[in-house]
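K.L.:
Give me a model of this one.
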Amino acid sequence: MATIKATHWLGTLLLLFWVGGAAPAQTIRQTYELAEAHFVRADYPRAVEAYRRVLFFDEQEAYGPLCYRKIADCLYFTEQFDEAALFYDRAYYVTPDDSTQAHLLFQKASCYLLTQNYRYAQIELFNLPDSLPEAQEKRRQFYLGILYFSLEEYETSEGYFQALAPDSAAREAVRALFVRNEAITRFNPRKARRLSIFLPGMGQFYAGDVKNGLNSLLLTSGLFYWGVRLLATGSTFPDAFITIMPWFQRYYVGGYKKAEIIATEQKQKRRHQLYNQLLDVVERE
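P.N.:
A predicted model of the protein is given here:
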């Protein structure tokens, strides 16, 4: 009986030694290889889960430089840009290579641009080295062009896009697009509201929405005509007012509010179209 107990405790000690000693190193390596396999297959959620397990059990912190960037890339590819930026930041501080550090700063800036955190993106771009390889320098100019366009600093933005234009024809196209952008900037949604207050439908016409403009004009004109007919057929003014006014107010007030909304949407749509055309020009290389 004593021999059985001794054998049992010896087996337990050996098992504990195996679990606490050699196994974790092997498990970490295998888990990392599993994460890499998921990454190659573009199974990013599972890859992130495996990379996180590696980091959790990696007491020596040997896998940090390998995992942080991969986790960030997985999060980026799945459009989790806020968290991706955090992991790109961690990867930056454990990466000794200057070129890779620059790439990580670009990725962080991209995350901030995509989440419209423009000032954070600006900080990351300003943290880049003054001297970069040609491809990274073009990438910096491209990001700065996007940044300043998003901040509505169009003159500065044009300078960066002009520098990216591959030839004189492209530079002329960039100039023409920024001239069009000036017209979009002058387009005023509040003017659409004021026009529709003055004459229902005019604000929609100003915004280029003829259909809604005609609807607003015809509805309010029809209500006005109905009120006149009520008065002409013997209704008293208070009775006609009580009958018509709620409907008239609904369509009149709703009309000029809608005119401003339509104009705002049109302005955003036109600027988005111009922005895409601008990117097409500078990416023509």
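K.L.:
C-alpha only now, for contacts and for neighbours.
P.N.:
Fine.
K.L.:
Low-confidence stretches in the chain?
P.N.:
Across the chain, the ranges flagged by pLDDT under 70 are 1-26, 196, 199, 201-202, 205-206, 209, 212-214, 216-253, 255-256, 284-285.
K.L.:
Would you point out which residue is most central in it?
P.N.:
Nearest to the mean C-alpha position of the chain, by C-alpha atoms, centre = their mean, lies Leu114 at 3.1 Å.
K.L.:
I figured it was touching Asp82, is that so?
P.N.:
No: look at Leu114 against Asp82 with C-alpha atoms under 8 Å: they stay out of range, at 9.4 Å.
K.L.:
starting at the chain centroid, how far to the host helix or strand of Val54?
P.N.:
Here Val54, judged by DSSP states H and E, is contained in helix 44-57. On the basis of C-alpha atoms, centre = their mean, to the nearest Å, helix 44-57 sits 26 Å off its chain's mean C-alpha point.
K.L.:
Checking Glu59 next. Helix, strand or coil?
P.N.:
coil (DSSP: H, G, I helix; E, B strand; the rest coil).
K.L.:
and the chain, what are its domains?
P.N.:
Per the record, the chain has its domains at 2-169, 189-282, by automatic domain parsing.
K.L.:
Which stretch among those domains approaches Arg175 most closely?
P.N.:
domain 2-169 (7.6 Å; C-alpha to C-alpha).
K.L.:
can you give me the helices for the chain?
P.N.:
Under the criterion DSSP state H, the chain contains helices at 2-20, 22-40, 44-57, 64-77, 81-93, 98-114, 118-126, 134-150, 154-164, 168-186, 189-198, 202-207, 210-232, 237-282.
K.L.:
Please work out which of those helices is packed deepest.
P.N.:
helix 202-207 (a mean of 25; mean count of other C-alpha atoms under 10 Å).
K.L.:
what sits against the residue nearest to the centre of the chain?
P.N.:
Contacts for Leu114 (C-alpha atoms under 8 Å, 6 or more residues apart in numbering) come out as Phe81.
K.L.:
His38 too?
P.N.:
For His38, the contacting residues are Tyr44, Arg46, Ala47, by C-alpha under 8 Å, 6+ apart.
K.L.:
Kindly provide the distance from it to Lys70.
P.N.:
Distance check for His38 against Lys70: by C-alpha to C-alpha, to the nearest Å, it reads 11 Å.
K.L.:
follow-up on the earlier one: return the closest of the contacts of His38 with respect to Val94.
P.N.:
Among these, and counting by C-alpha to C-alpha, the member closest to Val94 is Ala47, at 20.4 Å.
K.L.:
how near is that closest one to Thr78?
P.N.:
12 Å.
K.L.:
Can you list the helices and strands that the helix holding Val54 packs against?
P.N.:
Using 3 or more C-alpha pairs under 8 Å, 6 or more residues apart in numbering; DSSP states H and E, the elements in contact with helix 44-57 are helix 22-40, helix 64-77.
K.L.:
now those as JSON lines including distance to Asp58?
P.N.:
Shown next, in JSON lines, are those (distance: least, C-alpha to C-alpha, whole Å):
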{"stretch": "helix 22-40", "distance to Asp58": "7"}
{"stretch": "helix 64-77", "distance to Asp58": "8"}
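K.L.:
and of these, who's closest to Ala183?
P.N.:
helix 64-77 (35.5 Å).
K.L.:
by contact count, what packs against that closest one?
P.N.:
Packed next to helix 64-77, using 3+ C-alpha pairs under 8 Å, 6+ apart, are helix 44-57, helix 81-93.
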